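*Asks:* structure here, sequence nowhere to be found:
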């Protein structure tokens, strides 16, 4: 048997080991939207993927990218997971943000808008696939976030202008309620909110899924220049963990949906399962990223006066972290199509 002094010594030893492990863990503060493409992150947290790599993550789930940009800019977050348009808007206005990976994306595609869609209520008068019938309608959209440039792009390719509709600023979590109460005729947003409308509003239907020919709106993993200077190793480890979590999610979408319901307030399993069914999950950056920003996202924001002027996005894209993940764990990318040589970033 152990004597009292021996037991005390053992307990102190265990406490010292635990304290040392906690102290050696790489700490990052992560802000994430309540969006379906966050499913790999939520799965990575619950399955211990990040902690096994030695990361200690402090997480805030926020309504949209607008709030995450504010958290990054104020130093309250080291990493943000949100959409293309809030990221580019912030960079255009001088916020020192840097893209280091994608939450949802296909590294071999440009343009892309597959995480966004338009959902109509039964008596909206907008037939599926006929965007011209949006004229005169009230559209629920979160102003300043990815749904706004998406609807603007769709209107333009359908021969309509923003002035032909009424945009009603609607929080993502309120989309289904606004549609059910007939405050709006249709809603547009990123997943899981279109799927929430489909499962919660009787008779609702999808008008269009993705389909914006002038949109490049891939989910972004963003950090700050200050975080890169101070926490480059932790960021490299985070992207590696994210890639591994995406690989697991691609193979286990239904289970990932269940996990996500524990992170997204008010979300149910039916909605999450529907919402992540077809989302492309690919952390990799490519020239499609930079070209998509330059060809589609930035000109659209400039035309709509959401940013002061067009700019070169390349300095705000840093591929070193995603490249390191591909080198350190090729198995996490084995099921993804290879990036063509002429589209690879250095």
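*Replies:* On my side now, so go ahead. The shown structure was predicted, so the numbers you read here are calculated from the model rather than taken from an experiment.
*Asks:* helices along the stretch 201-346 of the chain, start to end?
*Replies:* Remark: helices assigned in the stretch 201-346 of the chain by DSSP state H, counting those that start in this stretch are 225-251, 253-260, 269-275, 287-292, 298-303, 320-328.
*Asks:* how about JSON lines for these, with mean neighbour count, distance to residue 133 and mean pLDDT added?
*Replies:* For glycine as for every other residue, the C-beta is placed from the backbone atoms N, C-alpha and C. Below are the helices of the stretch 201-346 of the chain laid out as JSON lines (neighbours: other CB atoms under 10 Å; distance: least, CB to CB, whole Å; pLDDT from 0 to 100):
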{"stretch": "helix 225-251", "mean neighbour count": "20", "distance to residue 133": "36", "mean pLDDT": "98"}
{"stretch": "helix 253-260", "mean neighbour count": "20", "distance to residue 133": "32", "mean pLDDT": "97"}
{"stretch": "helix 269-275", "mean neighbour count": "21", "distance to residue 133": "25", "mean pLDDT": "95"}
{"stretch": "helix 287-292", "mean neighbour count": "22", "distance to residue 133": "29", "mean pLDDT": "97"}
{"stretch": "helix 298-303", "mean neighbour count": "19", "distance to residue 133": "23", "mean pLDDT": "89"}
{"stretch": "helix 320-328", "mean neighbour count": "19", "distance to residue 133": "41", "mean pLDDT": "98"}
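*Asks:* okay, these in CSV with distance to residue 110 next?
*Replies:* CSV is the format used below for the helices of the stretch 201-346 of the chain (distance: least, CB to CB, whole Å):
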stretch, distance to residue 110
helix 225-251, 20
helix 253-260, 24
helix 269-275, 23
helix 287-292, 4
helix 298-303, 13
helix 320-328, 17
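*Asks:* nearest to residue 28 among those would be which one?
*Replies:* When the helices of the stretch 201-346 of the chain are compared by CB to CB, helix 225-251 sits nearest residue 28, at 5.3 Å.
*Asks:* what helices and strands are in contact with the closest one?
*Replies:* Using 3 or more CB pairs under 8 Å, 6 or more residues apart in numbering; DSSP states H and E, the elements in contact with helix 225-251 are strand 26-33, helix 39-46, helix 49-52, strand 55-62, strand 79-82, strand 97-102, strand 220-224, helix 320-328.
*Asks:* let me know which of these is tucked in deepest.
*Replies:* Mean neighbours per residue, mean count of other CB atoms under 10 Å, is largest over the helices and strands packed on helix 225-251 for strand 79-82, with a mean of 29.
*Asks:* for that strand, packing partners?
*Replies:* Counting by 3+ CB pairs under 8 Å, 6+ apart, strand 79-82 packs on strand 26-33, helix 65-73, strand 220-224, helix 225-251.
*Asks:* ok, 7 Å please
*Replies:* Strand 79-82 is packed against strand 26-33, helix 65-73, strand 220-224, with contacts defined by 3 or more CB pairs under 7 Å, 6 or more residues apart in numbering; DSSP states H and E.
*Asks:* mean pLDDT and distance to residue 277 for the ones you listed - can I get that in a markdown table?
*Replies:* Listed next are the helices and strands packed on strand 79-82 as a markdown table, based on pLDDT from 0 to 100; distance: least, CB to CB, whole Å:
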| stretch | mean pLDDT | distance to residue 277 |
| --- | --- | --- |
| strand 26-33 | 96 | 19 |
| helix 65-73 | 95 | 23 |
| strand 220-224 | 98 | 22 |
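*Asks:* out of those, which comes closest to residue 172?
*Replies:* Checked against CB to CB, the stretch from these lying closest is strand 26-33, at 8.1 Å.
*Asks:* now find how far off-centre that closest one is within its chain.
*Replies:* 14 Å (CA atoms, centre = their mean, to the nearest Å).
*Asks:* ok, residues contacting it?
*Replies:* Strand 26-33 is contacted from outside by 38, 41, 54-62, 64-65, 68, 71, 76-82, 231, 233-234, 237-238, using CB atoms under 7 Å, 6 or more residues apart in numbering.
*Asks:* nearest to residue 184 among the helices of the stretch 201-346 of the chain would be which one?
*Replies:* helix 269-275 (18.9 Å).
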